[in-house]
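J.: What follows is a predicted structure for the sequence shown.
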Amino acid sequence: MQPLVTSHQMQEIDRRTISDMGLPELLLMEHAALGVVKALQQRFGDLLPRTRGIILAGMGNNGGDALAVARILDSIGVKKIFVGVLGTSKKLKPSTKAQSQILGKLGIPVFWPKKPDLELFESCDWIIDGIFGTGLTRDVQAPYLQWINYTNQYEGKKWIISIDVPSGLDSDTGQVCGKAVKASQTVTLGFIKKGLVTGSAADYVGLLTLEPIQIPRLIPFSVNAFLYGAQDAIKLPQRRPTSHKGTFGHVYVWAPEDDKQGAGILTCLGALRSGAGLVTLVGSKERLKAIRERLPPEIMTEEASENLFKNSSGVWVQGPGMGIKDIEQSFAFLEKAIQVGWKCVLDADLLNAASSNLATFLKIIKKSGVDQVILTPHPKEAARLLDEEVREIERDRFAFVKKLAEKINCSIVLKGKGTLIQSPERPCVVVCSGDTGLSKGGTGDLLAGVLASFLAQGLSIELGAPLAVYIHGKVSERVTQVFGHERSTLAGDLANQIIEVLRELESQ
C-alpha cells in the first residue's frame with residue numbers, strides 16, 4: 001500500500017533528503033518539473049508544442065517547480081507560454097529565485113501580473129497551478145483568490161494541472177481553505193498527501209498521479225495512513241474441488257421492516273454474490289412472513305430464537321432496513337452473537353439505534369473480542385455516534401474516524417469518496433475505488449453483505465474490509481463502463497456485476 005503523509009512529515013522527508021543524503025533542492029525541483037511536463041505530454045501528445053499555456057507560480061518552492069516547468073517546456077519547443085509570478089521578488093524562496101534568474105538568463109519572459117487577464121485565459125489550452133504547496137494553513141486571500149477564481153472558471157474547458165496539491169486545499173485534511181483550484185490533474189511529489197484522497201478533495205484533485213522525484217522510498221518514522229489499490233487487493237481463499245456450502249461460511253442478516261425490505265434483500269444478495277455458502281434472514285415470524293414472497297429462492301429464513309446461536313460459526317449483519325422498533329430485542333441478539341464469537345457487521349438503523357442508546361450499545365460491544373465487530377457508517381451516522389455535526393466529520397475525516405474507532409473500540413468503515421477503514425490500533429486504510437453510481441439508496445446495504453461474505457469465508461476484518469470496499473467500488477465503475485454513465489446505476493445492477501469484478505480479481 002502507498003503511504004500517505006502529512007505536510008509536516010513531507011517537510012521532514014524533504015529536509016532529510018537534502019541535508020542527510022545530499023540531494024540538492026534544485027535537483028528535486030528539476031524532477032518535479034519533469035513530472036509535470038510528462039503529464040502535459042501524456043495529455044496533449046505531439047500537439048503539445050502547438051498549444052498555449054499559462055504557468056502560475058507562487059513565492060514558495062511550489063512556484064520554483066512551476067518556473068522549472070516553463071524552462072523545460074521551452075527547451076522542447078513549447079514557446080507560447082505566459083509565466084506569471086504572483087507576489088514580489090523580495091519574498092521569493094531561494095530556490096524559486098534561482099529558477100527565476102535562470103529563466104531571465106535564457107531570455108524566457110517572466111511577468112509579475114497584478115490581476116488576471118480574461119483574454120489570456122480564453123486563449124490558452126492548459127494552466128499550471130504552482131501557487132501554493134503543502135504549507136498553506138489559512139484561507140486564501142487576495143490577490144491569490146482572484147487568480148484561483150479565474151482558473152476555476154475554466155474547469156472542464158482547459159486542462160488544469162496542480163503541482164503537488166491544488167492551491168487552496170489543506171493537504172492534511174482535504175478541506176478547502178476558503179477557495180481552491182479545481183484541477184483536472186494533480187501531480188503530487190515525493191509521497192501522496194493524506195488530504196488528497198478523501199472527502200471534498202475529490203472535487204479538486206482530478207486525476208491523481210505520483211512523482212517520486214528521486215526521494216528515497218524509505219520513510220524514517222511511522223505513518224498512520226495508507227492508500228489501498230489494485231495491487232493490494234488479495235485473492236479470496238482458494239475454492240477446492242471438495243468444497244461445499246458449509247465451507248464458505250454462513251451469513252445471518254437481521255430481517256428488515258415491511259417498508260424497508262429491499263435493504264435486507266440487497267444485503268443478502270451482496271453476501272451470496274460475493275461467495276458466502278449460506279445466507280439466512282433472521283427475524284420475527286411476522287417480519288419473515290411479510291418478506292418471504294419477495295425473497296430469491298437462495299435466501300433462507302429462520303425465526304429469531306436462542307437456537308440460532310447453536311451453530312458453531314457465523315457472521316451477523318444487523319442494521320439494513322432494521323428500523324427502530326424492538327431495539328431491546330435487536331440488542332439482545334447482537335449481544336448473543338458477540339458472546340458466541342461471531343463476527344458482526346453493523347450498519348444503518350443499528351447505528352442509529354446505537355447513537356440513541358449509546359451506553360447500552362457500548363456495554364454490549366465491550367464484550368466483543370479483538371477484530372470481531374465492524375461498523376460501516378456514512379458521515380451522518382458517524383456524526384450521531386460522536387455527537388458532532390456532519391460538517392465537522394467531513395472537515396477532518398481522518399481525525400474523526402480514529403476518534404470513533406477508539407470510542408466504540410472496534411473497526412470502522414467511514415463511507416464516502418475515499419472510504420476510510422480504521423481500527424483502534426492499526427493505521428488507517430483509504431480506498432478510493434468507486435464513482436457516483438454509488439450515490440443511490442441500497443448501495444451501502446449491498447456493501448454490508450459483501451463485507452460479511454468475505455468474513456464468512458475466513459478473511460479477517462483487517463484484510464476483508466478494504467477488499468470489500470475496493471470491490472464494491474470497482475463494481476460501480478464496471479457498471480458505468482458497461483452502460484456508459486453513472487446516473488442511472490441501481491444497487492441491483494451492482495449485485496449483478498460482482499461476479500465480473502471477482503473474475504477479474506481472480507485472473508490477476
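T.: Nice, thanks for sending it over.
J.: What ranges does the stretch 251-400 of the chain have for its strands?
T.: Counting by DSSP state E, counting those that start in this stretch, the stretch 251-400 of the chain has these strands, from start to end: 278-283, 300-303, 315-318, 343-346, 373-375.
J.: For Lys182, which of those strands is the nearest?
T.: Proximity to Lys182 (C-beta to C-beta) singles out strand 373-375 among those, at 32.8 Å. Glycine gets a C-beta too; all of them are placed from N, C-alpha and C.
J.: circling back: could the strands of the stretch 251-400 of the chain go into a markdown table alongside distance to Val85 and mean neighbour count?
T.: Conversion of the strands of the stretch 251-400 of the chain to a markdown table gives the following (distance: least, C-beta to C-beta, whole Å; neighbours: other C-beta atoms under 10 Å):
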| stretch | distance to Val85 | mean neighbour count |
| --- | --- | --- |
| strand 278-283 | 62 | 23 |
| strand 300-303 | 69 | 15 |
| strand 315-318 | 57 | 28 |
| strand 343-346 | 54 | 28 |
| strand 373-375 | 49 | 25 |
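J.: Turn those strands into CSV, including mean pLDDT and distance to Thr419.
T.: As requested, those are exported to CSV (pLDDT from 0 to 100; distance: least, C-beta to C-beta, whole Å):
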stretch, mean pLDDT, distance to Thr419
strand 278-283, 95, 24
strand 300-303, 94, 30
strand 315-318, 97, 18
strand 343-346, 98, 15
strand 373-375, 98, 13
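J.: Walk me through the domains of the protein.
T.: By the assignment in automatic domain parsing, the chain contains the domains 2-222, 247-507.
J.: Distance to Phe331 added to the strands of the stretch 251-400 of the chain, as TSV?
T.: Compiled in TSV, the strands of the stretch 251-400 of the chain are given as follows (distance: least, C-beta to C-beta, whole Å):
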stretch	distance to Phe331
strand 278-283	14
strand 300-303	18
strand 315-318	9
strand 343-346	11
strand 373-375	13
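J.: which stretch among these comes nearest Ile192?
T.: Nearest to Ile192, of all the strands of the stretch 251-400 of the chain, is strand 373-375, at 25.2 Å by C-beta to C-beta.
J.: Tell me the strands beside the closest one, with direction?
T.: Looking at strand 373-375 with DSSP bridges, its paired strands and their directions are strand 343-346 (parallel), strand 411-414 (parallel).
J.: Gly458 is nearest to which of those?
T.: Of all the strands paired with strand 373-375, the one in closest proximity to Gly458, counting by C-beta to C-beta, is strand 343-346 (10.5 Å).
J.: residues making contact with the closest one?
T.: Contacts with strand 343-346, where a contact means C-beta atoms under 8 Å, 6 or more residues apart in numbering, come from 315-319, 334, 337-338, 354, 368, 372-376, 448, 451-452, 455-456, 461.
J.: Please enumerate the helices of the stretch 101-250 of the chain.
T.: Along the stretch 101-250 of the chain, the stretches classed as helices by DSSP state H, counting those that start in this stretch are 118-123, 144-152, 202-205.
J.: Gln238: which of the domains of the chain is closest?
T.: Go through the domains of the chain one by one with C-beta to C-beta and the one that ends up closest to Gln238 is domain 247-507, at 9.7 Å.
J.: Turn the strands paired with strand 373-375 into JSON lines, including distance to Ala66.
T.: Output for these, formatted as JSON lines (distance: least, C-beta to C-beta, whole Å):
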{"stretch": "strand 343-346", "distance to Ala66": "47"}
{"stretch": "strand 411-414", "distance to Ala66": "35"}
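J.: nearest to Lys235, of the ones you listed?
T.: Comparing the strands paired with strand 373-375 under C-beta to C-beta, the one sitting nearest is strand 343-346, at 20.2 Å.
J.: Off-centre distance for that closest one?
T.: Relative to the chain's own centre, strand 343-346 is displaced by 22 Å; criterion: C-alpha atoms, centre = their mean, to the nearest Å.
J.: in the biggest helix by length in the chain, what counts as buried?
T.: Secondary structure assigned by DSSP state H gives helix 461-483 as the longest helix of the chain. Using 16 or more other C-beta atoms under 10 Å as the burial criterion, the residues of helix 461-483 that qualify are 461, 464-480.
J.: Identify the residues contacting the residue nearest to Leu385 when sequence neighbours are not counted.
T.: With C-beta to C-beta, 6 or more residues apart in numbering as the measure, Ser355 is the residue that lies nearest to Leu385, at 4.9 Å, once sequence neighbours are left out. By C-beta under 8 Å, 6+ apart, the residues touching Ser355 are 381, 384-385, 387.
J.: quick one: Ser355 from Ala348, how far?
T.: Computed with C-beta to C-beta, to the nearest Å, the distance linking Ser355 and Ala348 is 12 Å.
J.: cool, Cys428 as well?
T.: Cys428 sits 22 Å away from Ala348, going by C-beta to C-beta.
J.: Over to Leu505?
T.: When C-beta to C-beta is applied, the distance between Leu505 and Ala348 equals 27 Å.
J.: Phi first, then psi, for the residue nearest the centre of the chain.
T.: For the chain, the residue lying nearest the average C-alpha position, counting by C-alpha atoms, centre = their mean, turns out to be Gly418 (1.3 Å). Per-residue torsions, Gly418: phi 80, psi 60 (degrees, to the nearest 10).
J.: Spatially nearest residue to it, not counting backbone neighbours?
T.: The spatial neighbour of Gly418 that comes closest, neighbours along the chain excluded (C-beta to C-beta, 6+ apart), is Thr198 at 2.9 Å.
J.: Pull the number of nearby residues for the one you found.
T.: Number of residues near Thr198 (other C-beta atoms under 10 Å) recorded here: 28.
J.: Can you report phi and psi for it?
T.: Dihedral angles phi and psi of Thr198 (degrees, to the nearest 10) take the values phi -150, psi 160.
J.: From Cys410, how far off is it?
T.: Distance from Thr198 to Cys410, by C-beta to C-beta: 20 Å.
J.: hang on, Ala495 in a strand?
T.: No: the secondary structure assignment for Ala495 gives helix rather than a strand, going by DSSP: H, G, I helix; E, B strand; the rest coil.
J.: pretty sure it contacts Thr267?
T.: No: here Ala495 lies out of contact with Thr267, judged by C-beta atoms under 8 Å, at a distance of 10.1 Å.
J.: Dihedrals phi and psi, Gly178?
T.: Gly178 adopts backbone torsions of phi 80, psi -60, taken as degrees, to the nearest 10.
J.: Give me the number of neighbouring residues for it.
T.: Residues lying near Gly178 (other C-beta under 10 Å) number 14.
J.: so it sits right up against Leu136, yeah?
T.: No: because the distance of 9.9 Å does not satisfy C-beta under 8 Å, Gly178 is recorded as not touching Leu136.
J.: so what sits against both of these two?
T.: Between them, Gly178 and Leu136 share these contacting residues under C-beta under 8 Å, 6+ apart: Gly168.
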